[in-house]
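Participant: 3D model of this:
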Amino acid sequence: MKYVVISCALLIVLLTYSGCSSSRELAAIPPGLDLSTVPRESFTVTAERFRFTPDEIHVKAGTLLRLELKGTGGTHSFKVSDFGIDEPLDEGESKTVELYVGQKGEYPFRCSHFCGIGHFGMKGKIIAE
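Facilitator: Numbers count the residues shown, from 1 in each chain. Sure, this is the predicted structure:
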């Protein structure tokens, strides 16, 4: 019985940690990046009840992306796991985040602060082409 309990505890620990990490984590601004030479693009992203507007952001790979975040309709957050960003956003608050999108691909973002019944659908993506 003792071995069963220990085995179950180890299995729970392994399952917990195996699903918690992102498949990739990039620096939001890589060290040594010469910011004076990279193209820049800015967007305003509004976090409101159960959605982001816009929920898709298209940029060219190699762009420094500046996002002006605005919170309405309660407390939210803006999380981009691939870049290690998780910014809380209270109602009426504005914050700015910057990240360098160096590679082509899709980078999902979501609200990580439970904001109500529609919270789990509150997501979007950055698409680098």
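Participant: nearest spatial neighbour of residue 87, chain-adjacent residues omitted?
Facilitator: Using CB to CB, 6 or more residues apart in numbering and skipping the chain neighbours, the partner closest in space to residue 87 is residue 78 (4.8 Å). All C-beta spots, glycine's among them, are computed from the backbone N, C-alpha and C.
Participant: what mean pLDDT does the helix or strand harbouring that neighbour get?
Facilitator: Using DSSP states H and E, residue 78 maps to strand 76-80. Averaging pLDDT along strand 76-80 yields 95.
Participant: name whatever forms a beta bridge with the nearest residue in space to residue 82 that is not next to it in sequence.
Facilitator: Among residues not flanking residue 82 along the chain, residue 107 sits closest, at 4.8 Å (CB to CB, 6+ apart). Judged by DSSP bridges, the bridge partners of residue 107 are residue 126.
Participant: I'd say residue 107 and residue 84 touch.
Facilitator: No - between residue 107 and residue 84 there is no contact under CB atoms under 8 Å: 11.6 Å.
Participant: so the two - more neighbours on which side?
Facilitator: Legend: neighbour count by other CB atoms under 10 Å for residue 107 and residue 84, higher for residue 107 (22 against 13).
Participant: contacts only, for that one.
Facilitator: 80, 82-83, 101, 125-128 (CB atoms under 8 Å, 6 or more residues apart in numbering).
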